[in-house]
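Student: Structure of the sequence below:
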Amino acid sequence: MIDPKIAGQRRPVAYKDEAFLDSSDARQLRILSEYLHPLTHFRDEKIHDTIVFFGSARLGEDGPLGQYYRDARELARLVTLWSDSLPHESRRFVVCTGGGPGIMEAANRGANDAGGKSVGLNIGLPFEQWPNPYITPDLSFEFHYFFMRKFWFAYLAKALVVFPGGFGTLDEFFEILTLAQTEKLESKTILVLYGEEYWREVLNFDALVKHGTISPEDKDLFVYANDPQTALKILQDGLTELYLQPESPLSEPEEDTPHIAKSRI
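Tutor: Take a look at the predicted model:
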């Protein structure tokens, strides 16, 4: 005989069935959620676009490369003060990081020093990667899929400041650099390599030109900066020319939603 209590039980609706949502069959839904969830928050917070800070999670404020931590914090503070002074209904050029420690923490901390908002796009990793406490709570996101996290780095960024880092920093920088080189995005992204001595030792772009694997003009896709004031001027001049006082204004300005960079395909 069937227990009437069991017979009367209902299964949860599909979108509340955790076993299903965690299954391989629902992977598309999880990927879609990592697009829609940040988009909703960016819209609510009126985040129009970002300046992304990349750099090592291993750099501490008082460590061997601690000056880069302090410079990232100061640059993020200056950028945020400038951004918040712009006469725009949406929030322009908001500091965005990978959400973890090191340079990421420094940039979120600098934005917080200025009383501004900042974004943290965190991802679960076996070590190092925990959300730092300086991210604006409503703009702190946890990703499972690397490519969705990279999507939000690339598609909101109007500028990139790359501090000394390792594999992750190189991966993120070269992905954006490749998009710029191949002109896959209509919107121009300003690329700043911060710490010329470090980057010239780590990356030999002249060798790539010598061997013919990149063109000489590809080195014009990025610039070097060695102090917060120089980096700030590069960002202010470039962003003002391209996006605040452009010769050809954006054809479809988005006041209340993120300005997603358009792909050429």
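
Student: now the residue nearest to Ile123 when sequence neighbours are not counted: how far from Glu241?
Tutor: Nearest-residue entry for Ile123: Phe143, 4.6 Å, with adjacent residues in sequence omitted and distances by Cβ to Cβ, 6 or more residues apart in numbering. Every residue, glycine included, has its C-beta placed from N, CA and C. Separation of Phe143 from Glu241 (Cβ to Cβ, to the nearest Å): 33 Å.

Student: still on that earlier bit, can you pull the pLDDT of the residue nearest to Ile123?
Tutor: Looking at Phe143, its pLDDT is 93.

Student: swap in the one 10 residues further on?
Tutor: We note a pLDDT of 93 for Phe153 in this prediction.

Student: Which secondary structure elements does the helix or strand it falls within sit against?
Tutor: Phe153 belongs to helix 146-156 when assigned by DSSP states H and E. Judged by 3 or more Cβ pairs under 8 Å, 6 or more residues apart in numbering; DSSP states H and E, helix 146-156 is in contact with helix 27-44, strand 118-123, helix 167-181.

Student: give me that answer again for 10 Å
Tutor: Counting contacts by 3 or more Cβ pairs under 10 Å, 6 or more residues apart in numbering; DSSP states H and E, helix 146-156 is packed against helix 27-44, strand 50-54, strand 94-97, strand 118-123, strand 140-143, helix 167-181.

Student: Give the buried residues for that helix.
Tutor: 148-156 (16 or more other Cβ atoms under 10 Å).

Student: The following helix or strand past that helix - what's its average pLDDT?
Tutor: Per DSSP H and E, the first helix or strand lying C-terminal to helix 146-156 is strand 157-162. Strand 157-162 comes out with an average pLDDT of 97.

Student: Run me through the strand neighbours of strand 157-162, direction for each.
Tutor: In the sheet, strand 157-162 lines up against strand 50-54 (parallel), strand 190-194 (parallel) (DSSP bridges).
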